[in-house]
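1. Below are the sequence and a predicted model for it; my questions follow.
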Amino acid sequence: MMIKDVIPGFELYRPATIADAIALLDEHKADVWKLAGGNDSLSWFKDRIKRPKVVIDLTGITEMQGVKETPDGIEIGTLTKISEIEKDPVINKSYKLLAEAASKVASPQIRNTGTIGGNVSQDARCWYYRSGLPCYRAGGNTCFSDTPEGQNREHAIFDANRCVAVSQSDMAPTMIALDAKMVIRNAKGDRVVSAEEFFVGPKIDIRRLTQLQPEDLLVAIRIPKEWAGARFYFEKVTDRATWDFALVNVAAAVQTDASGTVSNSRIAVGGVAATPRRCGVAEQTIKGQKVDQSLAELAGKSETRGAHPLNYNAFKIPLMANLVMRAVRDAQA
Amino acid sequence: MAEDCRIAHGGDAHALHDHPAASDGPLSEIVRIKASRRSFIKGVIASGATLGATGYLFRASSAQAKSVGAVERLISLNVNGQTRRVDVLPYETLANTLRYKLGLTGTKLSCDRGECGACTVIADGITIYSCTTLTHAVAGKKITTIEGIAKGGELHPVQKAFIAEIGPQCGFCTPGQVLSAVALLQVNPHPTIEEARRAMSGNLCRCGSYNQYLAGVMRAAKGDFASTGGSNG
Amino acid sequence: MADYRLVGKNFTPPDMIAKVTGTAKFSEDFQAEGMLHAKMVLSPMPHARVRNIDTSAALKIKGVVAIITPDDVPQFPPPVDPILYREPVFAGAPIAAVAAESEEIAAAAVEAIKVDLEQLNHVVDPLDSLYPGGVNAFSGGNVANVKLPLQTVKWTAKDFAGFDQGNMPLGKPSEEWHYGDLDAGFAKAKVIIERSFQTAGTSHHTMETRSNMAYWQNGKCYVHGSMQSQSFVLPQIARMLGVKPADVVFIAEYCGGGFGSKGNAYPLVVISGHLSKKANGRPVMLRVSREEEYANGSARAGFQGWAKIGFAEDGRITALDIFVVQDNGPNIGFWDFRNAGETAQVVYQPEAMRWRGTAVLTNTPPRGPQRGPGENQTAMTIEPLLDEAARKLGVDRLEIRRINAPDNDGFEGEDAKGKLTSAYLKDALVKGGQLFDWEAKKKLSGKRNGNKVIGVGIGSAFHAAGSNGFDGLVRILPDGKLYVHSGVGNLGTYSYASTSRVPAEVLGYKWENVVIVHGRSDNHLPWMIGQFGSNTTYTASRGNYVAAVDAKTKLLEIGATVMGGAATDYDLKDERVVHKTDASKSLSFADAAKKAIELGGKYSGKDLPPDINPLTKASATALAGSGLMGVAKDKLPKRGLVPGLVAGFCMIELDRETGQFEIMEYLGVADCGTVLHPEGLQTQMLGGSMMGFGLATTERIVYDHQLGLPANVQFDQAKPKTYLDMPKKFSWSAVDRPDRDNPVGVKGIGEPIMGAAASALINAIADALGGTYFHRTPVVRDMIVNALADRPQSYKPLQANTM
């Protein structure tokens, strides 16, 4: 076991503007670590597994903070705290899905410091990876979890590719459900990608859960107004009631017409793959239909087709089916 | 009715007495044992952080030249209403600064991973885990630790209520519990029990005293222990 | 004796203000001038042999002051826990330690120490080790425990014949006992329940890790540590430091949680002392991280076992046969497996019974007693079997417990001839049944509300909650106050304070005139039990009582000496010695104390009873001549085992679509004799229940069998319960009938609280699932989800230390 709780030294920068931060990222490139709420970063440092030479504390950048209304919806600065998302009046009026998911994140203190940007770009929780073992995700050439005796209860049932770690962010599925656009900036300029492109699985990049590169800064998240005021559903199933990661979570936005027929929906599930998994089959199943219990069950079950459980996580199949069923059935305006 | 009783800490040369240092005020409550290899320990002095060579965080490389634009190490911290100049390393957590440099050992380290709440402090009105916060990130914020809760020798209503309900068992999580409760009542003086439970939920108690702490929060909110003067925290 | 002034009354424990203001100083809150900082070299492997330790590079680092290796510390014969390991037997075992001018330098030095390790085979499942050809977790053998010598035991392939079908192999036990005619008992049973079971080990995870600081001065080692006692552990600490008890001063005014893990001295507590010695006595602080605490902070033993119970038509147990294989960790461990037999016997009073067991070494964290060691695992495994039998027999679940529960005529012991000092479990069950309204609640069983379904359950649990033979030491000083010297630790039960009220009760003292002297061993403490084993209340109250009676006798004698007549002519009133009939003759306790000093001899502690412990004698000698001393060994009668007993009642609402449940109501009812301190009992009843809910449904040790590395180190993985897991309605009560052999009627209760809550919750979950019993704990979310979905479970039956 390694020495714990003694952070190896680094240099700390606290830029006041995005431009300064981008310049620092460009200057220090691979040696740099971007720090926001610190809840996850400091654990990596204390474990002495990640030893960046330079840390850029982004929390002083005011232009990356807060929620503002735009003609197209809302734009959330990525340094906006989870607790601010939870309480924001505009979000609570039109995009309550975000507030509900935010309220389920870890604990009050984590929500008070954790940021939306940090939450959606948090690293995998696979305990083998976190132990500092040289697995694929850590740059090695093996996976310790997907083995005959691997302890993989929290791991993937979909889209495993050498690595079986999952996305356990509570905000990530809401990004898919609300069709969020992620604004990424680096020294070369801006790019805007959809949430579905933002989250990446091991097939695309086994070292990261998002397409953010070291020189990139996620500066804002745009939520289009298309889904404002839809019926929403968020649920997170955990082992204990506070400070726990989702075994499986679900986020859904469902639009219905006056007769109660589903006109459109976006549903995503977390905890089952390295990315939040969009539930396209369920969306199709309910489109143009009035949802009743049997249709909801069908939507849930059909979505789990193709799941490949590991030794200890087959329970995620019925759990995911039920959560998708509930999302479809119980989404509230 | 509660009765009172004293604890003797022993009266001999080895006794460990708390007494505030004349010059340092409430920021210097740490108990230090003045010891050296040859001299007999004469007792204990309470002192500020600059005394002695205790070095949780100092290391040979810390004096290295820093790059242009990196943070200044000497910063001002506003803790419990006092501004202190502190030499803070770039990678130093607030919990470490409070405990080992300012001597505010009421802030406890239990998990050191932002999972238990023993290190909870209030920063600009909100509760944070000081173990997962770099000190430089809160420079300029108003920090309140457990040492800043009782005012002028009078316990805060939350503290009184926790005593009345026997909230603490082992007591290690208690400072964090007090701070979460005080922060809640500052923004929501009359919480429902569900609101209180949620607000306290980032504080772990391995003894399982949740019911007693929660009862304390509700009694403090009810005004059972209203202060004769001063404000909440 | 209903007319107590202090016993049974609430009071504010004197350390409360320090706890709510943060001024309470725990071990790591002390800093000494010139203090060095320690870090440990920990084994990265679950089992290895140290070939060589090269400290040369580390010693060259500026600021490194001392390094200790196994050569620098006392060695103990296996399976006693080593201080530093030559053969590390679990990941995280300390091999060496460094003291340096800063923690960072110490950390750098640790990384610079080259430890040449030869990796050895490891095993994390006891049954794997017992299988023919199985790995031994330690080179010296695979079976050991306290009073069970280290040895190698392998069972036969035949023993494992039914293993794949989930049947517990029943090979040769290391120990067994039985009484009555087991075959006849099963023959006359109407229903026989036979089940294999498995319970997971759980980390103590005290909030305060076992950080410690030490320095040497004038040949004495001063140790600041976190411990459940200030006197009981002193000889153990001295032994691990390699010195006499008189050369150790141990300071532990507060203890940030122990739950049994700090009841005995543990190896880490002397690391700072050994480093300090090598650093010429300079103070050394060892700050123990959460991960180090996980590996070295002790844990509850897991069980793999089998039970067969015969029930008569009315639910009475005619025969009980139980076999327990204990996951002992790699070292000496604790005797949970033996307690399983005792528990089954005391709680169910079987007409005939057999207990068999063994303790098998694994390369997992060292085990020690954890709140109800063995008793609470047994509650979680046997209580569900009672429900299964009740269902088959059509007997009420409360009644099947009541009919088997012990009363004052109950028995215990391998020959079933031992007596109980008192037992009111039947009363606790009946009282709980009324308060919980069991008759109405049981009708709600299985009731649906949308996706939700209600489950109700009852649990009962036991712990041997009292000892005897320790000493008490009190003084009345010329200031007139009563000084109660107590070596009991301050773990948060406040029994150090509540048991100190007993001498005040005996002597008629006002509580504000009592000073509790404790916190550090040089406060001259008597030989006294620590705060553990649910034993303090019963045991320390006896010691304090006999010391007070001794003081009372001396006060009366001094009264007669000063004022004439016989001691029997006098009484104690309002802190004065007063003549029974002549009110003009009275002497204040303050004056009596002065007179005691003047008289000397036994009155001031110059002459001491011959039978007190050497530790008490040393303390009393140091205090002699300062006032009137009451000092005595507890030789009060005690007819047998002291059972602390609890009945728990639980109602949950379980979501059939997610497997999540909410505890709607929980009630615990204690048989703890006379209630000594109601508010203190309340904190134990509710807090212990929270811990029980964790034991039942979320907490466990998980190891990767290939690597021997732990998956559940931090709190988010270990999952102790939180505010939001608390029952919606949470209450407690007590039978409040005095124990027959305690002078104030009290007995301990801390541990069975947890077992009752754990088993009641497990039974409520099984009830909500319509009678699905897992025979495996904790009952985690995935097990419930799979059961609800009618899918196979992921775990392999009986497999230990897995998800």
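-> That came through, no problem.

2. which residues does the residue nearest to C:Met227 when sequence neighbours are not counted contact?
-> Of all residues not flanking C:Met227 in the chain, C:Ala252 sits nearest, at 4.4 Å (CB to CB, 6 or more residues apart in numbering or on different chains). Any C-beta I mention is one placed from the backbone N, CA and C, and that applies to glycine too. The neighbours of C:Ala252, taking CB atoms under 8 Å, 6 or more residues apart in numbering or on different chains as the test, are C:Ser27, C:His224, C:Gly225, C:Ser226, C:Met227, C:Ser229, C:Gln230, C:Gly489, C:Asn490, C:Gly519, C:Arg520.

3. Tell me how far C:Ala252 lies from C:Phe259.
-> Using CB to CB, to the nearest Å, C:Ala252 is found at 15 Å from C:Phe259.

4. Get me the contact residues on chain B for chain A.
-> Where chain B comes near chain A, counting by CB under 8 Å from any CB of the partner chain, the residues are B:59, B:61-62, B:66-67, B:69-71, B:89-91, B:93, B:112-115, B:117, B:120, B:126-129, B:131-134, B:136-137, B:180, B:198-199, B:201-202, B:204.

5. One more: the stretch 101-250 of chain C?
-> C:Glu103, C:Glu104, C:Ala106, C:Ala107, C:Val110, C:Glu111.

6. export those to CSV and tack on secondary structure?
-> Formatted as CSV, these follow (DSSP: H, G, I helix; E, B strand; the rest coil):
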residue, secondary structure
C:Glu103, helix
C:Glu104, helix
C:Ala106, helix
C:Ala107, helix
C:Val110, helix
C:Glu111, helix
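
7. got a winner among those residues for most neighbours?
-> C:Ala106 (34 neighbours; other CB atoms under 10 Å in any protein chain shown).

8. the residue most distant from the middle of chain A, which is it?
-> A:Ser259 (33.6 Å; CA atoms, centre = their mean).

9. which residues sit in contact with that one?
-> A:Lys290.

10. Test for you: state the pLDDT assigned to it.
-> pLDDT for A:Ser259: 94.

11. Could you check how far the residue of the stretch 101-250 of chain A found nearest chain B is from chain C?
-> Chain B sits closest to A:Ser107 of the stretch 101-250 of chain A, with a gap of 3.2 Å, by CB to the nearest CB. Using CB to the nearest CB, to the nearest Å, A:Ser107 is found at 8 Å from chain C.

12. Flag the shaky bits of chain B, pLDDT-wise.
-> B:1-69, B:227-233 (pLDDT under 70).

13. And for chain C?
-> C:1-2.

14. And the residue nearest to C:Met227, its phi and psi?
-> phi -150, psi 70 (degrees, to the nearest 10).

15. Can you tell me the element C:Ala214 falls in?
-> C:Ala214 is part of strand C:212-217, with elements assigned from DSSP states H and E.

16. residues making contact with that strand?
-> Counting by CB under 8 Å, 6+ apart, B:33, B:35, B:40-41, C:27-28, C:30, C:32, C:35, C:221-226, C:268-273, C:275-277, C:280-286, C:288 sit against strand C:212-217.

17. Which residue would be the closest one in chain C to chain B?
-> C:Gly22 (2.1 Å).

18. Now do the helices in the stretch 1-150 of chain C.
-> C:16-21, C:56-59, C:103-112, C:126-130 (DSSP state H, counting those that start in this stretch).

19. same check, this time on chain B
-> Ranges of helices within chain B are B:94-96, B:157-164, B:174-187, B:193-200, B:210-222, based on DSSP state H.

20. For the stretch 151-300 of chain A, what lies in contact range of chain B?
-> Near chain B, when you scan the stretch 151-300 of chain A using CB under 8 Å from any CB, you find A:Ala241, A:Thr242, A:Trp243.

21. part of a strand, is the second one?
-> No. Secondary structure of A:Thr242, determined by three-state DSSP: coil, with no strand assignment.

22. I'd guessed it sits against C:Lys721; true?
-> No. In this structure A:Thr242 lies outside contact range of C:Lys721 using CB atoms under 8 Å: 9.1 Å.

23. Please identify which of these two sits among more neighbours.
-> Taking other CB under 10 Å, A:Thr242 and C:Lys721 do not tie; C:Lys721 has more neighbours (27 against 23).

24. what are the phi and psi values for the more buried one?
-> Dihedral angles (degrees, to the nearest 10) for C:Lys721: phi -70, psi 160.

25. Contact partners for it?
-> Neighbours of C:Lys721 in contact, by CB under 8 Å, 6+ apart: A:Arg240, B:Gly208, C:Met690, C:Met691, C:Phe693, C:Gly694, C:Thr698.

26. taking those residues one by one, which sit in strands?
-> Counting by DSSP state E, no part of the contacts of C:Lys721 is found in strands.

27. Among those, name the buried ones.
-> A:Arg240, B:Gly208, C:Met690, C:Met691, C:Phe693, C:Gly694, C:Thr698 (16 or more other CB atoms under 10 Å in any protein chain shown).

28. ok, the residues you listed vs C:Ala464, which is closest?
-> Using CB to CB, C:Met691 comes nearest to C:Ala464 of those, at 19.0 Å.

29. I figured that closest one hits C:Pro752, correct?
-> No. Using CB under 8 Å, C:Met691 makes no contact with C:Pro752, being 12.0 Å away.

30. Taking the stretch 601-750 of chain C, what residue is nearest to chain A?
-> For the stretch 601-750 of chain C, CB to the nearest CB, closest residue to chain A: C:Leu724, 3.4 Å.

31. where does the closest residue to that residue other than its chain neighbours fall, phi/psi-wise?
-> Spatial nearest neighbour of C:Leu724, excluding adjacent residues (CB to CB, 6+ apart): A:Ala241 at 3.4 Å. The phi/psi pair for A:Ala241 (degrees, to the nearest 10) reads phi -90, psi -10.

32. Count the neighbours of A:Ala241 for me.
-> 18.

33. What does the pLDDT read for it?
-> Confidence score, pLDDT, at A:Ala241: 95.

34. what about the closest residue to A:Arg125 other than its chain neighbours, distance to A:Pro276?
-> Distances taken as CB to CB, 6+ apart put A:Gln168 closest to A:Arg125, at 5.2 Å, once the chain neighbours are dropped. Using CB to CB, A:Gln168 is found at 10 Å from A:Pro276.

35. what's the residue closest to the geometric middle of chain C?
-> Residue closest to chain C centre, computed by CA atoms, centre = their mean, is C:Gly260 at 3.3 Å.

36. Over to chain A?
-> A:Ala172 (2.7 Å).

37. ok, the closest residue to C:Val20 other than its chain neighbours - contacts?
-> Using CB to CB, 6+ apart and skipping the chain neighbours, the partner closest in space to C:Val20 is B:Gln159 (4.2 Å). By CB under 8 Å, 6+ apart, the residues touching B:Gln159 are B:Ile149, B:Ala150, B:Val178, C:Ile17, C:Val20, C:Thr21.

38. could you dump those residues to a markdown table with neighbour count?
-> Listed next are the contacts of B:Gln159 as a markdown table, based on neighbours: other CB atoms under 10 Å in any protein chain shown:
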| residue | neighbour count |
| --- | --- |
| B:Ile149 | 24 |
| B:Ala150 | 22 |
| B:Val178 | 32 |
| C:Ile17 | 16 |
| C:Val20 | 29 |
| C:Thr21 | 21 |
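
39. circling back: so of the contacts of strand C:212-217, which ones are in helices?
-> Those of the contacts of strand C:212-217 lying in helices (DSSP H): C:Ile271, C:Ser272, C:Gly273, C:Leu275, C:Ser276, C:Lys277.

40. Now do the contacts for the second one.
-> Going back to what we said before, that points to C:Ser272. Here C:Ser272 is in contact with C:Ala38, C:Asn212, C:Met213, C:Ala214, C:Val223, C:Val284, C:Met285, C:Leu286 (CB under 8 Å, 6+ apart).

41. what does B:Thr93 give?
-> Neighbouring residues of B:Thr93 by CB under 8 Å, 6+ apart: A:Ile7, A:Leu42, B:Ser130, B:Cys131, B:Thr132, B:Thr133, B:Leu134, B:Thr135.

42. Please apply the same query to C:Tyr666.
-> Shown in contact with C:Tyr666 (CB under 8 Å, 6+ apart): C:Gly648, C:Phe649, C:Cys650, C:Met651, C:Ser689, C:Pro727, C:Lys729, C:Phe730, C:Ser731, C:Ala757, C:Ala760, C:Leu761.
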